[in-house]
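# Show me how the following folds:
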Amino acid sequence: MKNCVYAAVFFFLLGTVVFWFFYKPETQPKTALFSPEHIKPISLFHYFSGSLSGGLGEMIDTVNKRIPQQKVFAQPLDHEAFKSMILSTLAKGTPPELFTYWAGVKTQELVDQGKLEPIDDIWQAIPLTGRFATPVAEAASTYNGRKYLLPITQHFVVFFYNKRLFNRENLTSPASWEELTDLSEKLTARGLTAFALGAKERWPAQFWFDYLLLRTAGPEYRQALMDGKAAYTDREVALAYSMWASLIKNGSFNADANSLDWAEATQLVCSGKAAMTLMGTWAIQAFTAAECGLAEESGFDFFVFPTINPDVPATAVGPVDGIVLAKDSTNHEVAKTVLSYFSEVEPQQRLSEGSGALAPSSEVAKQNYSALRQRILAASEASSHWAFNYDLATKAEIADKGMDSFNELIAFPDQSEEILEHLQAAVANIRSRH
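Numbers count the residues shown, from 1 in each chain. Model prediction:
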């Protein structure tokens, strides 16, 4: 009995010592085994949430396994709320170390405001030049001659269509504008919606304007318009709007386009209520999700936006998402070293698998893609030019007015000329103030 008492006292005292040693931070520092002093939390705010959530969690998990001395804590935010929230935190000087952002004019604006830290040193040390193709590195990563953005997704905007519906109606994917309009007329005559569009948040409609302008006026003119060297009342823009308006007037689009979001429009294609939708490759995750359940190639497939003028070079449209480093963040020097791990093959592959995006890293082997995505990759590589979508290609204030005009055209297709005159006046006023 006495021995039992001694043993109980011994283990009580031992437990007290262990607790005191490991769990009383005000008198004893924790040992490296439990909480290394050199571990620094790195915050990452992102907009990969809701219907766009696929893949980023897996990417971050992979990175965290590679950086035992740091840990990335991700904070997902609603896609639309993110746009204002991140600008607010930057203005207050309280941003996260890392955040996802859209390559193009949006990143350029933050660079010009001095809100981002350049990453040339890690770019050269790894080096990342061999990991990312030159067109991607130049268009998406380089601003004012320096590197600021590490690409993590490359999306291609194409037509996705319900293959079961096409097979049932004995239809084939079009290669020319004439074939596309003929296809839409056949579908409309059979009581089916040709094109599903969800423009409630405005940006999904921009792809129609982008491709119509690029396929008729070409990438050089389109860039001149984005730079303010051409006008929205030019005949080139008027032609794109009139072609789009003609499709709207003949009933090719769902009547509630301005009331649906892109995911709801995609669901119309899933259910067979609409035949196709013009959307980025992030739609793949919606088509293959349980709510839709269409298999790649057998349930749904894709085709690129058809040729309109064969003399105009083919241009692929789509956004590149990346991760940038906030200059005013607490641990941005540590975060810079962490950022490089997002360029590695496994993290890039994990995000690609979950998001439907192409991986910007050229080191991700093509055989890692599904057959559908290999074909999408080949189609993107066959394009002679790459263009960022409208709201990433021109100043935010102007893009805001332009996207308003897209909703106006959807609602009032007979007033395309008046809509463009109003848009050009608003754009001229904005440019006169800068």
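# Pairing partners for the closest residue to residue 111 other than its chain neighbours in the sheet, please.
Once flanking residues are discounted, residue 111 sits nearest to residue 143: 4.3 Å by Cβ to Cβ, 6 or more residues apart in numbering. Glycine gets a C-beta too; all of them are placed from N, C-alpha and C. Residues in a beta bridge with residue 143, per DSSP bridges, are residue 146.
# now residue 143: how far from residue 324?
10 Å (Cβ to Cβ, to the nearest Å).
# now do residue 210
24 Å.
# try residue 367
31 Å.
# Next: residue 130.
Residue 130 is 21 Å from residue 324, by Cβ to Cβ.
# quick one: which of the two has more around it?
residue 324 (26 against 10; other Cβ atoms under 10 Å).
# That one reaches residue 108, doesn't it?
No - using Cβ atoms under 8 Å, residue 324 is not in contact with residue 108, being 11.4 Å away.
# Low-confidence bits of this structure, can you list those?
Applying pLDDT under 70 to the chain flags the ranges 1-39, 51.
# That one - how does it break down into domains?
What automatic domain parsing lists as the domains of the chain is 40-155+319-363, 157-317+389-432.
# Figure out how far the longest one is from the centre of its chain.
Translated: domain 157-317+389-432. Chain-centre distance of domain 157-317+389-432: 17 Å, with Cα atoms, centre = their mean, to the nearest Å.
# now do stretch 376-388
16 Å.
# What are the buried residues along that stretch?
Within stretch 376-388, the residues scored as buried using 16 or more other Cβ atoms under 10 Å are 376-377, 379-380, 385-388.
# Identify all contacting residues around that stretch.
102-105, 135, 139, 154, 156, 158, 210, 214, 219, 222, 281, 302, 304, 313-320, 358, 366, 369, 393 (Cβ atoms under 8 Å, 6 or more residues apart in numbering).
# let's see 6 Å
Stretch 376-388 is contacted from outside by 104, 156, 219, 304, 313-317, 358, using Cβ atoms under 6 Å, 6 or more residues apart in numbering.
# Just the CA atoms of that stretch, as CSV, please.
C-alpha atoms of stretch 376-388 as CSV (Å, rounded to 0.1, in the frame of the first residue of the first chain):
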residue,chain,number,x,y,z
ILE,A,376,-7.9,22.4,-74.2
LEU,A,377,-4.2,22.9,-73.6
ALA,A,378,-3.5,22.1,-77.3
ALA,A,379,-6.2,24.5,-78.4
SER,A,380,-4.7,27.3,-76.3
GLU,A,381,-1.2,26.7,-77.6
ALA,A,382,-2.5,26.8,-81.2
SER,A,383,-3.6,30.4,-80.7
SER,A,384,-1.1,33.0,-81.9
HIS,A,385,-2.0,35.5,-79.2
TRP,A,386,-3.2,35.6,-75.6
ALA,A,387,-5.4,38.3,-74.2
PHE,A,388,-6.6,39.0,-70.7
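# and residue 194, what are its phi and psi?
For residue 194, the backbone dihedrals (degrees, to the nearest 10) come out as phi -70, psi -50.
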